[in-house]
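# just a sequence and a predicted model for now, questions to come.
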Amino acid sequence: MEAAPRFLQGVFPFTGGGLDKPAPLDGKLAYKVPPDKRAQLIYLRAGNSSAELVYLVLTRDDKPMRYFPIGAKSAVHVPLAVIEDIQPGSKLEILIGAPEGVAGTVTLDLGLLEI
């Protein structure tokens with residue numbers, strides 16, 4: 001069985017709805033694991049243009065799986081040391097949490113391996 005890389009990438013504007021109310025960053029940032037495959041999250045790189053701390057949350061089937069805080073006007077690279085299998089048919093989505101009314105742009109590069 002050959003592994004294939006998959007990516008969720010792009011530059012996305014956002015307006016915060018509150019740190020306790022994460023919302024979808026963009027509808028294009030959804031990935032469904034094929035029924036005959038598994039997936040593994042390998043890394044995340046992201047940047048935040050706003051002057052406030054924000055966070056990204058990766059959800060699996062609408063439940064939080066991983067949180068990634070990104071500092072004000074900063075970037076983060078997270079090579080994941082703990083790799084877990086994401087089961088066939090699982091839906092992944094990226095949400096953003098930001099202080100209410102804070103506007104900015106997130107640059108995202110999330111790498112998955114489909115096996």
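Done, it's in.
# residue contacts, the spatially most central residue of the chain?
In the chain, the centroid-proximal residue (Cα atoms, centre = their mean) is Ile94; its distance is 4.0 Å. When contacts are counted by Cβ atoms under 8 Å, 6 or more residues apart in numbering, Ile94 touches Leu8, Pro24, Leu25, Asp26, Leu29, Leu56, Val57, Leu58, Thr59, Leu108, Leu110. All C-beta atoms are positioned from the backbone trio N, CA, C, and that covers glycine.
# as a markdown table, the residues you listed with neighbour count, distance to Glu2 and secondary structure would be great.
Supplementary listing: those in a markdown table, determined by neighbours: other Cβ atoms under 10 Å; distance: Cβ to Cβ, whole Å; DSSP: H, G, I helix; E, B strand; the rest coil:
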| residue | neighbour count | distance to Glu2 | secondary structure |
| --- | --- | --- | --- |
| Leu8 | 20 | 21 | strand |
| Pro24 | 15 | 31 | strand |
| Leu25 | 22 | 30 | coil |
| Asp26 | 17 | 29 | coil |
| Leu29 | 20 | 25 | coil |
| Leu56 | 24 | 29 | strand |
| Val57 | 18 | 30 | strand |
| Leu58 | 20 | 25 | strand |
| Thr59 | 18 | 28 | strand |
| Leu108 | 22 | 26 | strand |
| Leu110 | 24 | 21 | strand |
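# could you identify the least confident member of those residues?
Of all the contacts of Ile94, the one the model is least sure of by pLDDT is Leu29, with 89.
# could you find the closest non-adjacent residue to that residue?
Ile94 (4.2 Å; Cβ to Cβ, 6 or more residues apart in numbering).
# Ile83: what's it in contact with?
For Ile83, counting by Cβ under 8 Å, 6+ apart, the contacting residues are Gln40, Leu41, Ile42.
# same thing with Lys32?
Taking Cβ under 8 Å, 6+ apart as the criterion, Lys32 is in contact with Gly89, Ser90, Lys91, Leu92.
# flag the shaky bits of this structure, pLDDT-wise.
Across the chain, the stretches falling below the confidence threshold (pLDDT under 70) are 1.
# ok, which stretches of it are strands?
With DSSP state E as the definition, the chain shows strands at residue ranges 4-15, 18-24, 30-32, 39-48, 54-60, 63-70, 74-79, 91-98, 103-114.
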